[in-house]
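>>> Turn this into a structure:
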Amino acid sequence: MGSSRTVLWTAVGLVLAGAAGFALFAHQSELAPIAVPAPGSFDKATVERGRVLANFGDCTACHTREDGLPFAGNLPLKTPFGTIYTTNITPDADTGIGGWSKVAFRRAMKDGVDRKGNHLYPAFPYDHFTKVKDEDIDAIYAYLMTQVPVKETTKGNDFPFPLNIRATLSVWKALFLDKTPFKPNPSKDAEWNEGAYLAEGLGHCAACHTPRNMMGARTTPAYGGGFAEGWYAPPLNKDNLSQQPWTKNELVVYLMDGWHAKHGMAAGPMTPVVDALHKQNEIDVFAIAAYVATLREGEKPINEDAVRNAALRLDWGHLEAPPVAKEFAEGAKVFEARCAQCHRSNGGTVALALQTSIHAPVPDSVVHAIWGGIRPPTGALGRSMPALGSQMSEAEMIALVKFLRARFTSRAPWSGVESAVRDARKGG
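Numbering: from 1, shown residues only. Take a look at the predicted model:
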């Protein structure tokens, strides 16, 4: 009897000690608020530098809801763990960051802790911002503090227990948050290093283009493909799905305009990225392109002409187009009725067989494009794709997606088409 009690009290003691240790480890102190700085107190050159850097970080896209005011937050971001509402980062004293000091802002950017000591969810990519120099973070702070303050309270996030307990994020950080600062590679030139700094830090390209583990942390292979807001973000490494080789100039055009005649148009979460880059200095975007190009080292060579000619022969209406297999006849009918007007031989669009999304391991991006259409990025105005999902039944859309995969690739059929279509139709 005595030994049982000893074991019980030992277990209780260990649990209490562990809880106390966790509470101590998770605790972050509140930083005192400051009086809202006057916009004129910031150096104009620093503010301008901050504007440029904020565009690289794509701050506007994440912190501005649809039809909302710039930086006022409340954009719902759907994650595999729940929905997070982005914060108000205008200099409003009550609902924004007006009372934040530079120290508080740096802590949020690099440690993922807000002024009041709350741990921030890594949907805010502080695991990338740890690479950013303090002076650049300070410049962004100066820029934000000169914006128009907006009084808008951030909605509560929709996370299940225990993910709704922010203190648990301290464990995530202990396991996955790498705070190593960016270190230039002496074997590379200045352009490459600048591109690496922007892409790995503020640009946080790997946040979407790298796979994540079950706890939402980036895993290997780096730039091996991932997901963003329900869309598939293709690999940027040697396993990229490109059907045509990329030149440096082509990548710059795509990054700034969101469109290239050989590669198609940016869509989904990539659209606000290129809209932000559209405003940037070409020299900086060339630097990013120089870095991204080296991520593909070791890729399989592409016979550009042969691949393009083979793709064109698959286009709808081409004299050499193959017959439609019986099992995809229904999808072909939907394609002819809804898609062939634009996606036909000599139709002026990039051949479907050259589209990366058709070759992806999952149908998600194709489904989203059909359902909601594609809004053209700023630099590709005049090019778009209408939303077609509401014009067809669930069965028709499923048949169409299966036909697209079979007709325009030689890859294995997609699994999960049915669930992807249902999720899109219910707003998933």
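>>> need the helices for the stretch 51-200 of the chain, in chain order.
59-62, 102-111, 126-129, 134-145, 169-176, 190-200 (DSSP state H, counting those that start in this stretch).
>>> CSV for these, including distance to residue 257 and mean pLDDT?
The C-beta positions use only the backbone N, C-alpha and C, and glycine is treated the same way. Conversion of the helices of the stretch 51-200 of the chain to CSV gives the following (distance: least, Cβ to Cβ, whole Å; pLDDT from 0 to 100):
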stretch, distance to residue 257, mean pLDDT
helix 59-62, 17, 95
helix 102-111, 29, 98
helix 126-129, 24, 98
helix 134-145, 25, 98
helix 169-176, 35, 96
helix 190-200, 18, 98
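>>> okay, these in JSON lines with distance to residue 220 and mean neighbour count next?
Output for these, formatted as JSON lines (distance: least, Cβ to Cβ, whole Å; neighbours: other Cβ atoms under 10 Å):
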{"stretch": "helix 59-62", "distance to residue 220": "26", "mean neighbour count": "18"}
{"stretch": "helix 102-111", "distance to residue 220": "24", "mean neighbour count": "20"}
{"stretch": "helix 126-129", "distance to residue 220": "15", "mean neighbour count": "22"}
{"stretch": "helix 134-145", "distance to residue 220": "28", "mean neighbour count": "21"}
{"stretch": "helix 169-176", "distance to residue 220": "13", "mean neighbour count": "16"}
{"stretch": "helix 190-200", "distance to residue 220": "16", "mean neighbour count": "20"}
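>>> Turn those helices into TSV, including distance to residue 334.
Listed next are the helices of the stretch 51-200 of the chain as TSV, based on distance: least, Cβ to Cβ, whole Å:
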stretch	distance to residue 334
helix 59-62	33
helix 102-111	47
helix 126-129	41
helix 134-145	47
helix 169-176	44
helix 190-200	39
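>>> Out of these, which gets nearest to residue 365?
With Cβ to Cβ, the closest approach to residue 365 among the helices of the stretch 51-200 of the chain belongs to helix 59-62: 18.1 Å.
>>> And the closest one, what does it pack against?
helix 270-277 (3 or more Cβ pairs under 8 Å, 6 or more residues apart in numbering; DSSP states H and E).
>>> Send me the helix it packs on as PDB with only the CA atoms.
Extracted in PDB, the C-alpha atoms of helix 270-277 (Å, rounded to 0.1, in the frame of the first residue of the first chain):
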ATOM      1  CA  MET A 270       1.200  33.600 -55.800                       C
ATOM      2  CA  THR A 271      -0.800  36.500 -57.200                       C
ATOM      3  CA  PRO A 272      -0.300  38.900 -54.300                       C
ATOM      4  CA  VAL A 273       3.400  37.900 -54.300                       C
ATOM      5  CA  VAL A 274       3.900  39.100 -57.800                       C
ATOM      6  CA  ASP A 275       1.700  42.100 -57.300                       C
ATOM      7  CA  ALA A 276       4.100  43.100 -54.500                       C
ATOM      8  CA  LEU A 277       7.200  42.400 -56.700                       C
END
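>>> now for that helix, which elements pack on it?
In terms of contacts (3+ Cβ pairs under 8 Å, 6+ apart), helix 270-277 is packed against helix 44-56, helix 59-62, helix 248-257.
>>> Let me have those helices in JSON lines, adding distance to residue 198 as columns.
Output for the helices and strands packed on helix 270-277, formatted as JSON lines (distance: least, Cβ to Cβ, whole Å):
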{"stretch": "helix 44-56", "distance to residue 198": "6"}
{"stretch": "helix 59-62", "distance to residue 198": "14"}
{"stretch": "helix 248-257", "distance to residue 198": "11"}
